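A.B. asks: predicted model and sequence below, questions to follow.
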Amino acid sequence: MTCNCRLMEADIGAFLQSSAFAESAIDLTFLDPPFNQAKEYASHDDDMPEGEYWNWMRDVCRAVYEQTSQGGAIYFMQREKNSEQVLRCLREAGWALQNLIIWKKLTSAVPMSRRFGKHYQIIAYATKGRRARVFHRLRIDPPLPANYRQKRKNGMYVTDIWDDIRELTSGYYAGDEALRNDDGQRFHKQQAPLALLLRIILSSTLPGDLVFDPFAGTGTTLVVARQLNRRGLGVEIDPDNAACIRERLRETRPADDIRRYFEHYQYTENLPEIWAGDNVDEQENVLHLPLFRVPVS
């Protein structure tokens, strides 16, 4: 089996109206957009009017829905305070909600002055149609809680609370996986962890399926998809990020090797069949599209 990952260096609005997207048959989308928090991006305005931003997200969800296979999945990650808007975007675009996943961070909670500290993000898992085309019931073996007396014999099923995956936004505690500049500073402060994308792709795809990331960032989705023998399609507008993705796809860094997580899922019944790694085609395709945003209706 060969695995072909394509990177489109383009504005997502332009790409969604392109022939390259119209010809795509998507099986899984990981949607992790800029959160509109007025952060500094070289190629994106992160301080859009709120209504315009959420109309944009709805339109992305709708366009992806149209190109997704029946029963295909989307995982939409956002801030916890935006849960209502995320669910509305998905519902209005036609998606059927399956779970609202709580990704509980292993790092310290962000302190707040007038409300409880933030300690999680949401990931809305939805499908095209009420029944998922693919869903694998993964089993993991996390450390036993303090009140357990006996070790589990065959692990436990993954639930909608993900508290065993560490984020990479906590400085040097992020380890070797976090991409860094020559001065040691993180290349991208919102880099998604491999373990997060590994769980999503293992849960909702088969080898050979097409995984789509509309806001590819540093390319973690493509890096994981490639190692699992899934096809990958990513869109990234920032040229520095795109160059980083091409480099990560050209040669797998030791820190990007997902095989260290295999044992974590060892009790999953069909793990060898759905993992299907270690047989990767080195081909990389890059397509350049015009950089502009399609006006939001």
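C.D. replies: Happy to help now that I have it. This one's a predicted model, so the numbers in the text were calculated from it and none came from an experiment.

A.B. asks: where does pLDDT dip in the stretch 101-250 of the chain?
C.D. replies: Applying pLDDT under 70 to the stretch 101-250 of the chain flags the ranges 108, 169-174, 183-189.

A.B. asks: name the residues that touch the top strand by length along the chain?
C.D. replies: For the chain, the strand that runs over the most residues, judged by DSSP state E, is strand 68-78. With CB atoms under 8 Å, 6 or more residues apart in numbering as the test, strand 68-78 has contacts from 25-33, 35, 61, 64-65, 85-86, 89-90, 95, 98, 101, 103, 121-129, 131-135, 200, 204. Quick note: C-beta positions are derived from backbone N, CA and C, even for glycine.

A.B. asks: which residues touch Leu222?
C.D. replies: By CB under 8 Å, 6+ apart, the residues touching Leu222 are 5, 7, 211, 213, 216, 232, 234, 245, 248-249.

A.B. asks: among those, which lie within helices?
C.D. replies: Among these, DSSP state H puts 245, 248-249 in helices.

A.B. asks: and which of those residues is nearest to Arg152?
C.D. replies: Closest approach between the ones in helices among the contacts of Leu222 and Arg152, by CB to CB: Arg248, at 35.0 Å.

A.B. asks: the closest one and Gln227, how far apart?
C.D. replies: Counting by CB to CB, to the nearest Å, the gap from Arg248 to Gln227 is 11 Å.

A.B. asks: neighbour count: the two, which is higher?
C.D. replies: Gln227 (23 against 18; other CB atoms under 10 Å).

A.B. asks: give me the buried positions along the longest helix along the chain.
C.D. replies: With secondary structure taken from DSSP H, the chain has its longest helix at helix 50-66. Within helix 50-66, the residues that count as buried by 16 or more other CB atoms under 10 Å are 53-65.

A.B. asks: hey, C-alpha coordinates of stretch 72-85 in PDB?
C.D. replies: Extracted in PDB, the C-alpha atoms of stretch 72-85 (Å, rounded to 0.1, in the frame of the first residue of the first chain):
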ATOM      1  CA  GLY A  72     -17.600  10.000   7.200                       C
ATOM      2  CA  ALA A  73     -16.500  12.000  10.300                       C
ATOM      3  CA  ILE A  74     -15.400  15.500  11.400                       C
ATOM      4  CA  TYR A  75     -13.600  16.400  14.600                       C
ATOM      5  CA  PHE A  76     -14.000  20.100  15.300                       C
ATOM      6  CA  MET A  77     -11.700  21.400  18.100                       C
ATOM      7  CA  GLN A  78     -12.400  24.700  19.800                       C
ATOM      8  CA  ARG A  79     -12.300  26.600  23.100                       C
ATOM      9  CA  GLU A  80     -14.700  25.400  25.800                       C
ATOM     10  CA  LYS A  81     -16.600  28.700  25.800                       C
ATOM     11  CA  ASN A  82     -17.500  28.300  22.100                       C
ATOM     12  CA  SER A  83     -19.200  24.900  22.500                       C
ATOM     13  CA  GLU A  84     -22.600  26.400  21.600                       C
ATOM     14  CA  GLN A  85     -21.300  28.000  18.400                       C
END
